[in-house]
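Peer 1: Pasting the sequence and the predicted model now:
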Amino acid sequence: MADTSAGTEQSWPAGPLAGIECQLLAGADREKARIAFISQSAAVSNTILDWAQQRNLGFSWFIALGDSLDTDVDDLLDFLARDGKTSAILLYLEHLSDARRFVSASRSASRNKPILVIKSGRSREAQALLGTHSGLDAAWDAAIQRAGLLRVQDTHELFSAVESLSHMRPLRGDRLMIISNGAAPAALALDELYARNGKLAQLSEQTDSAARGAVARWRRPRQPAGFKR
């Protein structure tokens, strides 16, 4: 368990870091634990731990922030951005002590690693319950987008993200190929890709030829790729 002098309640290298195995995630495959989780809520942390334990999923770092007296989210993002054992970062946020530092640290870290954030307090009533005054949610959305982060709205989306990131291979570059059995699903995927400033890969003749040989119903050599029914 971690030293709490810096205002961090719990910091568990629930994976290969420092060779320490977190007992709560003892069944997880430590060699594949490459996701870091930072939370400003002990209750949310426990929920994530319970869910991960049921699926034998581990974390490179699992950090529950306390009062953040000396260490804040932006400090941890700076550290995790350089951590070779971490390939993706998940955040649960309720408030920020320094929005500018957070945006700067997030933007730097998100250049090389995907960062997903769930932010509570979308309504003034929820902010009152949490005792935070984090401003209008639209301002948060703008800051999160400017920092290059992806926002999820609830724990179900967060769980899906954890599971996907745990099994996906690291992406090489920023180009994407979309394969669909219909124009409508491909159009939806294209809208989302360009809304997030993504790029569509251009297929080479060699790739198109290989695809034609592998799929009998390959329809056209351009993106998005479609299949005839």
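Peer 2: Here it is on my side, so go on.
Peer 1: pLDDT on stretch 210-229, on average?
Peer 2: Averaged across stretch 210-229, pLDDT comes to 58.
Peer 1: my bad, stretch 156-175
Peer 2: Across stretch 156-175, the average pLDDT comes to 71.
Peer 1: Equivalent analysis for stretch 96-110, please.
Peer 2: The predicted model gives stretch 96-110 an average pLDDT of 85.
Peer 1: Same question for stretch 64-76.
Peer 2: When pLDDT is averaged along stretch 64-76, the result is 78.
Peer 1: May I have the distance across it, first residue to last?
Peer 2: The separation between the terminal residues of stretch 64-76, taken as C-alpha to C-alpha, to the nearest Å, is 11 Å.
Peer 1: can you check stretch 186-203 too?
Peer 2: End-to-end distance for stretch 186-203: 16 Å, by C-alpha to C-alpha.
Peer 1: same thing with stretch 151-160?
Peer 2: Between the opening and closing residues of stretch 151-160 we find a distance of 13 Å, counting by C-alpha to C-alpha.
Peer 1: Could you pull out the buried residues of it?
Peer 2: Using 16 or more other C-beta atoms under 10 Å as the test for burial, stretch 151-160 gives 152, 158, 159. Every C-beta, even on glycine, is put in place using the N, C-alpha and C of the backbone.
Peer 1: which residues touch the second one?
Peer 2: Neighbour list for residue 158: 48, 90, 92, 116, 118, 152 [criterion: C-beta atoms under 8 Å, 6 or more residues apart in numbering].
Peer 1: from those, which single one is nearest residue 140?
Peer 2: Proximity to residue 140 was ranked across the contacts of residue 158 by C-beta to C-beta; first place goes to residue 118, at 11.3 Å.
Peer 1: mean confidence score for the strand or helix carrying that closest one?
Peer 2: Applying DSSP states H and E as the criterion places residue 118 in strand 115-119. Averaged across strand 115-119, the pLDDT comes to 86.
Peer 1: oh, and call the first residue 39 from now on, that's how I've got it
Peer 2: Okay, residue one is now 39; in that scheme the one you just asked about reads as strand 153-157.
Peer 1: which residues are contacting it?
Peer 2: 115, 126-132, 144, 147, 172, 175, 178, 182, 186-193, 195-196, 199, 203.
Peer 1: Mark which of those residues are buried, thanks.
Peer 2: By neighbour count, with 16+ other C-beta under 10 Å, those hold 115, 126-132, 144, 147, 172, 178, 182, 186-187, 190, 196, 199, 203 as buried.
Peer 1: now, which of the buried residues of stretch 189-198 lie within helices?
Peer 2: 196, 197 (DSSP state H).
Peer 1: Export the buried residues of stretch 189-198 as CSV, with columns for distance to residue 249.
Peer 2: CSV is the format used below for the buried residues of stretch 189-198 (distance: C-beta to C-beta, whole Å):
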residue, distance to residue 249
190, 33
196, 34
197, 33
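Peer 1: Let me know the closest of the buried residues of stretch 189-198 to residue 217.
Peer 2: With C-beta to C-beta as the yardstick, the closest approach to residue 217 among those comes from residue 190, at 24.5 Å.
Peer 1: just checking, that closest one touches residue 199?
Peer 2: Yes. Counting by C-beta atoms under 8 Å, residue 190 sits close enough to residue 199 to count as a contact (6.0 Å).
Peer 1: by contact count, what packs against the strand or helix carrying residue 232?
Peer 2: Assessed by DSSP H and E, residue 232 sits inside helix 221-233. In terms of contacts (3 or more C-beta pairs under 8 Å, 6 or more residues apart in numbering; DSSP states H and E), helix 221-233 is packed against strand 237-238.
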